[in-house]
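Peer 1: could you work out the structure for the sequence below:
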Amino acid sequence: MWGGRFEGEPSDLLRAFNDSFAFDFQLFAEDVEGSIAWANALERAGVLTSDESSKLTNALKKIAAPRSFTDHEDIHSYVESKLYESIGNIAGKLHTGRSRNDQGATDLKLWLRKACDEAIVNIRSLARALAKRAANEAATPMPGYTHSKQAEPVTFGHWCLAYCEMLVRDIDRFRAAKQRGDECPLGSGALAGTPLAIDRAALAKSLGFASATANSIDSVSDRDFAAEYLFAVSLTLSHLSRCAEDLIFFSSDEAGYLELPDALATGSSRMPQKKNPDVLELVRGHAGRAIGELTGFLAVMKGIPLAYDKDLQLDKEPLFRMRATLAVALPALAALIEGLKLNRERMRAAAGAPMLIATAVADAMAWKGVPFREAHDRVGRELASIEKLAKEHGVTLDGILAKKNAFGGTAPDRVAEAARVILSRIDGEGSQETLRSAQGDQS
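Peer 2: Numbers count the residues shown, from 1 in each chain. The predicted structure is shown next:
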C-alpha cells in the first residue's frame, strides 16, 4: 500500500512489530461494510461509474473472511488484495480520496457499536435473572452486612435488587457511549478531509450513523468511544466482581446460605468433598484485568499529538479481549444466579440471630418515647439480654422486615413491587416514569 516511496523491502523485524493483521482481522465485516458504503459514495460523487461501483460492491460482498493468519499488513490490505484478485485494477479505484486513517476509525466505531449492543443484551439477561430471583425471594430473610459484619436483617430479594440497580446503570452507560460515538469519520481522509465532493451526511446515514464527524483532524485521532467502552466494561465487571465476592461467601461452609449449581462449579483433584466457585473467582479476577486494560489504554492515548499516530494501532487488542470476556462472563453469571439453591432455613436463622435484632430493639424503644441515643446506649450495654428486650418490645424478625417499608427498603411487599418495576426498567420501558410512579406509591 505504501511501497512506492521506498527502494527496498521492509525488514522482517519491521513486519513483526508493525503488522496488525494477527488481531485486526476481527474488523473484517466492518471493513467490508465501510468499503461498500465508500464505493457507493464515490459513485454519487461521480468518481466511479455505476458499472465500476457495482463490480466493487459485488466483489466486496463475496470476499471470504480470513480463517487464519495470512501475509498481510492489516485487514485493509487483506480486503484490497482480495479485490485485486477478483476484479483486477478496478480495485485500485476504491481507495480514491480515502485513507486507512478514516477507514480504520470507521471500522472501529462500527465494531464498537455492535459490542455495545451485545453488552446491553447480556447485561439485561443477567439483570432479569436477578430480578426474577428477587420477585421469588422477596420475603426470604438473610443477614445484611456492613464492614463484612452482620448488621440488620434484609431479604435475599432485596440483595438481588441491589445488583439490578448497578446493572441498569451499566446498561445506561453503554447506551450513552454508543450515542456519543454515533458520528461517522469516513470522508475525513488522512487528516485534512477528502478532496472529493462526498456527501458525508448521506455516507454517514448509509452506515447507520446519526451524523458525520465535524473535524477531520479529530475524526482520525479520536478514540473516546473506545475509552468509554473500556470504562463501561471495567465498571460492569467491577459490579460483577462484587456480586461474585458476595456469592463466594454466601456459598462458603461458614455461611452456607446457598449452594452453587453443579454445572457452574468445579471440584478438586485432591479433595473429593470440594465444590469450588471457579466461575465467580474468574469473574473477580477478570475485573482486575479490565481495570488494567482501561488504564493502559488511557496511558497510550494521553500523549499522542494530532492527528494519527501508529500508537493508535494499540487501541484494538484491549477492546477485543474485553468484549470476549464480557460475552462469556455475563451469561455464565446469569445461569449461575438462575441455578442457585438457597438454604432458606439457615438464612432465616442467621437473619434472626440476637445481634441482628439489636437495632430494631433500639428503634422500638425510640418509638415508645425513649430518645434514640439513650436507647442505643442501653441496648449496647444489655446485649447479653437482647432477646428478653426484644420480647418486651414485641420485636420479631418478620416485624423488623415489614417495618422497612419506605421506598427502597427491604420490606417484602416493597421488594416484590421493586422487582416488578426493575423488570420494566431493564427493558427500557418508560424507566423514569415507572420509577417516579413507584416512589409515589409510598404516600
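Peer 1: quick one: contacts for the nearest residue to residue 366 once chain neighbours are set aside?
Peer 2: Closest residue in space to residue 366, ignoring its immediate chain neighbours: residue 372 at 4.2 Å, by C-beta to C-beta, 6 or more residues apart in numbering. For the C-beta atoms, the positions are set from N, CA and C on the backbone; glycine is no exception. Contacts for residue 372 (C-beta atoms under 8 Å, 6 or more residues apart in numbering) come out as 362-363, 366.
Peer 1: so which of those residues wins on neighbours?
Peer 2: residue 362 (23 neighbours; other C-beta atoms under 10 Å).
Peer 1: which residues touch that residue?
Peer 2: 372, 375-376, 378-379.
Peer 1: how about residue 379?
Peer 2: Residues near residue 379 by C-beta under 8 Å, 6+ apart: 358, 361-362, 365, 386, 389.
Peer 1: so how far is residue 27 from it?
Peer 2: 63 Å (C-beta to C-beta, to the nearest Å).
Peer 1: quick one: strands adjacent to the one helix or strand residue 142 maps to?
Peer 2: Element membership for residue 142, per DSSP states H and E: strand 141-146. Applying DSSP bridges, strand 141-146 is found paired with strand 149-155 (antiparallel).
Peer 1: and residue 64, its phi and psi?
Peer 2: According to degrees, to the nearest 10, the main-chain angles of residue 64 amount to phi -80, psi 140.
Peer 1: give the burial count for it, as a bare number.
Peer 2: Here the number of neighbours of residue 64 (other C-beta under 10 Å) works out to 7.
Peer 1: residue 408 sits in which helix or strand?
Peer 2: Going by DSSP H and E, residue 408 is not in any helix or strand.
Peer 1: quick one, what contacts it?
Peer 2: By C-beta under 8 Å, 6+ apart, residue 408 lies in contact with 414, 418.
Peer 1: report pLDDT for it.
Peer 2: Looking at residue 408, its pLDDT is 97.
Peer 1: now residue 55. Nearest residue, chain neighbours left out?
Peer 2: residue 87 (5.3 Å).
Peer 1: closest one to residue 406 out of the contacts of residue 379, please.
Peer 2: Proximity of these to residue 406 (C-beta to C-beta) peaks at residue 362, which lies at 17.7 Å.
Peer 1: next SSE after the host helix or strand of residue 375?
Peer 2: Assigned by DSSP H and E, residue 375 falls within helix 372-381. Next helix or strand after helix 372-381 toward the C-terminus (DSSP H and E): helix 386-392.
Peer 1: now that following helix: buried residues?
Peer 2: For helix 386-392, burial by neighbour count (16 or more other C-beta atoms under 10 Å) applies to 386, 389-390.
Peer 1: what distance do you get for residue 234 to residue 400?
Peer 2: Remark: distance between residue 234 and residue 400 (C-beta to C-beta) = 37 Å.
Peer 1: of these two, who's got more company?
Peer 2: Counting neighbours by other C-beta under 10 Å for residue 234 and for residue 400 shows that residue 400 has the greater number, 25 against 21.
Peer 1: how about the strand or helix carrying the more buried one as PDB, C-alpha atoms only?
Peer 2: Using DSSP H and E, residue 400 falls within helix 397-403. C-alpha atoms of helix 397-403 as PDB (Å, rounded to 0.1, in the frame of the first residue of the first chain):
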ATOM      1  CA  LEU A 397     -37.800 -10.900  62.500                       C
ATOM      2  CA  ASP A 398     -40.900 -10.700  60.300                       C
ATOM      3  CA  GLY A 399     -41.900  -7.500  62.000                       C
ATOM      4  CA  ILE A 400     -38.500  -5.900  61.500                       C
ATOM      5  CA  LEU A 401     -38.600  -6.600  57.800                       C
ATOM      6  CA  ALA A 402     -42.200  -5.400  57.400                       C
ATOM      7  CA  LYS A 403     -41.400  -2.100  59.000                       C
END
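Peer 1: off-centre distance for that helix?
Peer 2: 36 Å (C-alpha atoms, centre = their mean, to the nearest Å).
Peer 1: mind listing what's buried in that helix?
Peer 2: Counting neighbours by 16+ other C-beta under 10 Å, helix 397-403 gives 397, 400-403 as buried.
Peer 1: ok, now which ones touch residue 259?
Peer 2: By C-beta under 8 Å, 6+ apart, the contact list for residue 259 reads 251, 275, 340-341, 343.
Peer 1: swap the cut-off to 6 Å and go again
Peer 2: residue 341 (C-beta atoms under 6 Å, 6 or more residues apart in numbering).
Peer 1: ok, then the element right after the helix or strand hosting residue 30?
Peer 2: Taking DSSP H and E as the criterion, residue 30 maps to helix 28-44. Scanning forward in sequence from helix 28-44 by DSSP H and E, the next helix or strand is helix 50-62.
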